[in-house]
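Q: any chance you could fold what I've pasted below:
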Amino acid sequence: MSWINRLQQRWKVNSVFQVVIILIVFACTGFTVLLIKRPLFAYWFAGEEIPLAASIAYWILIFPVYNVFLLFYGFVFGQFRFFWDFEKRFFGRLFSNFKK
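A: Got it, this is the predicted structure:
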């Protein structure tokens, strides 16, 4: 069994094409988050060295932004339901660890 078929079973999706679309959504989200940093920091810290606190703040704040972009791209590529369920499972696991 190939890795793409394993993803299809794990994610419980109907086709290999849907797995490919989901991977494209993850790629687009990652590239968008990656490409946001340079222009933001160039605007805020024009010609200056970027402080460590700004980098830490970026990594903390990018977490919710990444999730919003994930839902946006999921909607654009017609996989919103998958990514909405994905987000609910992710945050359910994340916050259930805090309760313990």
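
Q: helix or strand: which one has residue 26?
A: Assignment of secondary structure by DSSP states H and E places residue 26 within helix 16-44.

Q: where in this structure is pLDDT low?
A: The model of the chain has pLDDT under 70 over residues 97-100.

Q: any idea how far stretch 85-100 is from the chain center?
A: 15 Å (C-alpha atoms, centre = their mean, to the nearest Å).

Q: equivalent analysis for stretch 36-47, please.
A: On the basis of C-alpha atoms, centre = their mean, stretch 36-47 sits 21 Å off its chain's mean C-alpha point.

Q: quick one: buried residues of it?
A: residue 41 (16 or more other C-beta atoms under 10 Å). (Each C-beta comes from the backbone N, C-alpha and C, glycine too.)

Q: quick check: closest non-adjacent residue to residue 80.
A: Nearest residue to residue 80 in three dimensions, chain neighbours excluded: residue 74, at 4.7 Å (C-beta to C-beta, 6 or more residues apart in numbering).

Q: residues making contact with stretch 44-52?
A: Contact with stretch 44-52 is made by 41, 54, as judged by C-beta atoms under 8 Å, 6 or more residues apart in numbering.

Q: end-to-end on that stretch?
A: 14 Å (C-alpha to C-alpha, to the nearest Å).

Q: residues near the residue lying closest to residue 67 once chain neighbours are set aside, how many?
A: Closest residue in space to residue 67, ignoring its immediate chain neighbours: residue 87 at 6.0 Å, by C-beta to C-beta, 6+ apart. When counting by other C-beta atoms under 10 Å, one arrives at 15 neighbours for residue 87.
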